[in-house]
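Novice: Next one to model:
(2 chains)
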Amino acid sequence: MVLAGDVFDVPIRKDIVHRVVRWQLAKRQQGTHSTKTISEVSGTGRKPWQQKGTGRARHGTLRGPQFRGGATMHGPKPRSHAIKINKKVRRLGLKVALSARAGEGKLLVLDDLELPTHKTKNIVSYVKQMDNTKKVLLVDGGPIDENLKLATQNLHYVNVLPSIGLNVYSILLHDTLVMSRDAVNRIVERMHAPINR
Amino acid sequence: MIRSKLSSLLSPHLLRPATPINSTRQFIPSLRPPSPLQHLTNPRGGSSWGEVFRSYSLLSLNDLRDKQPKKQKKRKGRGIGSGLGKTAGRGHKGQKARGTMKYGFEGGQTPMRRRLPKRGFKNPFSLTFQPVGLGKIAKLINAGKIDSSELITMKTLKDVGAIGKQIKDGVRLMGRGAEQIQWPIHLEVSRVTVRAKEAVEAAGGSVQKVYYNKLGLKALIKPEWFEKKGRLLPKPARPPPKQGDKVDSIGRLPAPTKPIPFIAVEKEEALSI
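Specialist: A predicted model of the protein is given here:
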């Protein structure tokens, strides 16, 4: 089987992959950090003591930022950290990541990823035979079958994804990529389909 | 370049359609070490495809950077070592240190923007032309990018890169490098300078000043935009009366390749004499 050159053999663009990975990691941030400003801190707004006469420093409120129990100035508020990236750049990032793995020789394409049993030790022995890999990403075409899922569930160094879930961060995280022929076809089809506006 | 993948290097029994599940396990045994992994463990460049087994990775998460390094933000008032601690770049005391002063305020003295007089107006009908020197055209002809036997229009100049990305209202032919023009070339541009015209005619060529309005220029430079929108190319417009004596003729659409009218005019003159 010959792989499509415009998907698996594009020039390596580190900066594009950097942008796509940054986008992926930013959009998954929950952004549920929150602090109280002076209007939200519980407590009264009364002037604690008179302006002059007591030898103490002048204050208008006991909840200012310099006080213990006081407000936080310019503190974090819940917000979304997602950034926007052009669809074409996202697509190119995926192509670059796939080309990189193919170029290093770490891309393996199998006929299919069907397993007869759900035993994990088969997968373990198989991965042990592979040289120089620490993490393997299995990509299957359609929905993942139960045997494969169960067999790889308990291994932290093997992950399975359907082909729709293929993304740059996962590809970079795992040093070897194992795809089924169906997955390859689907990816190439998806890359060739025009981006709808 | 289309490269074959690893599995095509695997033993042929793999490339048969998948055998049913109740036969021997097809996943593990079909990928015994000899076939793919032997390839993976091959020392550099051993395979028939010339694929190299790399001991480093082409792309890994700890090796990503953007094209331009990100600039650090200036954080003021965060200690001596930062260089912006204590007074945070404001100097000592005074109104400016304690609050914001209005931009452009000069303490009551009439500010610069009120001292200087206003001048002029902006003419909405003025035309700006992109200059291109004869030397540049000569260089491109020498490099082989312009065909000097054909008519050189503003479209060829833009495609070749003589004027950059913008054509505002047209192209003006200037004389820098005029002595490099030694062959007859025929040009159709919006404006010419006197010296440039002389230089081209001395070499035996010709320059025609043609008029294109904005739409006509777009049709000249990018006819495929009209195709994509499903419109026909517009008819070239005649120049407005004010520009009538500054141009010789109306531009032709789509981009012409032969300086026909000029030759016809020459022939008429020759006949009348």
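Novice: May I see the buried residues of stretch B:76-95?
Specialist: residue B:84 (16 or more other Cβ atoms under 10 Å in any protein chain shown). Every C-beta, even on glycine, is put in place using the N, C-alpha and C of the backbone.
Novice: Is chain A within reach of that stretch?
Specialist: No: contact of stretch B:76-95 with chain A (Cβ under 8 Å from any Cβ of the partner chain) is absent, the minimum separation being 11.7 Å.
Novice: can I get the CA coordinates of that stretch in CSV?
Specialist: The C-alpha coordinates for stretch B:76-95 follow below in CSV (Å, rounded to 0.1, in the frame of the first residue of the first chain):
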residue,chain,number,x,y,z
LYS,B,76,6.7,46.7,37.1
GLY,B,77,7.2,47.0,40.8
ARG,B,78,8.4,43.5,41.5
GLY,B,79,11.7,43.9,43.2
ILE,B,80,15.1,45.3,42.7
GLY,B,81,16.5,42.6,40.4
SER,B,82,13.9,43.2,37.7
GLY,B,83,15.2,46.7,37.0
LEU,B,84,11.6,48.0,37.3
GLY,B,85,11.1,47.9,41.1
LYS,B,86,10.2,50.6,43.5
THR,B,87,9.4,53.6,41.3
ALA,B,88,8.6,51.3,38.4
GLY,B,89,10.0,53.5,35.7
ARG,B,90,8.3,56.7,36.8
GLY,B,91,11.2,58.6,38.4
HIS,B,92,10.7,60.4,41.7
LYS,B,93,7.6,62.4,42.8
GLY,B,94,5.6,64.7,40.8
GLN,B,95,2.3,64.6,39.1
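Novice: How far away from the center of its chain is that stretch?
Specialist: Computed by Cα atoms, centre = their mean, to the nearest Å, the chain-centroid distance of stretch B:76-95 equals 45 Å.
Novice: Repeat that for stretch A:89-100.
Specialist: Taking Cα atoms, centre = their mean, the mean C-alpha location of stretch A:89-100 is offset from the chain mean by 15 Å.
Novice: for residue A:97, what are its contacts?
Specialist: A:17, A:168, A:171, A:172, B:59 (Cβ atoms under 8 Å, 6 or more residues apart in numbering or on different chains).
Novice: closest to residue A:125 among those?
Specialist: Nearest to residue A:125 among the contacts of residue A:97, counting by Cβ to Cβ, is residue A:171 at 24.5 Å.
Novice: burial count for the closest one?
Specialist: Neighbours of residue A:171 under the rule other Cβ atoms under 10 Å in any protein chain shown: 26.
Novice: Distance check, it against chain B.
Specialist: Using Cβ to the nearest Cβ, to the nearest Å, residue A:171 is found at 8 Å from chain B.
Novice: so the residue lying farthest from the centre of chain A is in which element?
Specialist: Each residue of chain A has a distance to the centre, and by Cα atoms, centre = their mean the biggest one is for residue A:53: 60.1 Å. For residue A:53, there is no host helix or strand (DSSP states H and E).
Novice: distance of it from residue B:174?
Specialist: According to Cβ to Cβ, to the nearest Å, residue A:53 stands 82 Å off from residue B:174.
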